[in-house]
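Peer 1: Give me a 3D structure for the following:
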Amino acid sequence: MRAVVQRVSEACVRVDSEAIGEIRGGLLVFLGVGREDGEKDVDFLAEKISNLRIFPDEAQKMNLSLLDAGGAMLVVSQFTLHGDCRKGRRPAFIAAAPPERAEPLYERFVAQVGKLGVPVAAGRFGAMMEVELVNDGPVTLLLDSKGAF
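Peer 2: Numbering: from 1, shown residues only. This next block holds a predicted model:
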């Protein structure tokens, strides 16, 4: 499972021009489910991301987690995080989980984040979405539950 995590001062996701999820301050997480991913990957990344110390403390050091800072999380599914661009000019998505496998894991991730006490909003799995964000910092991190990076 892969995630692009961005610290944001605000973020919004729209489907057909309708805002379906938005946050003010926190993390925007683009989440890609891989073919080999399971519940352990979901639980690992939900806990890891919620507890990453990437928010400033009173000394302006990145020392606080999302939970410490009282922020929210917006989660957007993005299978293209498993795109392989090593050959040719068109990405291959063979490593991405098929939708019927990916959607329940995506939904579990959103639920797990909520269970950890983080206010969470989400995009719509499989929909064409427009995402707006104001990156704070900027702070952008890549995570992979298998340790690929």
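Peer 1: buried ones in stretch 20-31?
Peer 2: Under the neighbour-count criterion of 16 or more other Cβ atoms under 10 Å, stretch 20-31 has 21, 23, 25-31 buried. Using the backbone N, CA and C atoms, a C-beta is placed for each residue, glycine as well.
Peer 1: That one spans what distance, first to last residue?
Peer 2: 17 Å (Cα to Cα, to the nearest Å).
Peer 1: on that earlier part again, please flag which of the buried residues of stretch 20-31 sit within strands.
Peer 2: 21, 23, 26-31 (DSSP state E).
Peer 1: and the buried residues of stretch 20-31, which two are the farthest apart?
Peer 2: Maximum pairwise distance among these (Cβ to Cβ): 19.6 Å, between 25 and 31.
Peer 1: For the ones in strands among the buried residues of stretch 20-31, could you give me JSON lines that also reports distance to residue 126?
Peer 2: Shown next, in JSON lines, are these (distance: Cβ to Cβ, whole Å):
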{"residue": "21", "distance to residue 126": "15"}
{"residue": "23", "distance to residue 126": "21"}
{"residue": "26", "distance to residue 126": "24"}
{"residue": "27", "distance to residue 126": "22"}
{"residue": "28", "distance to residue 126": "19"}
{"residue": "29", "distance to residue 126": "17"}
{"residue": "30", "distance to residue 126": "14"}
{"residue": "31", "distance to residue 126": "13"}
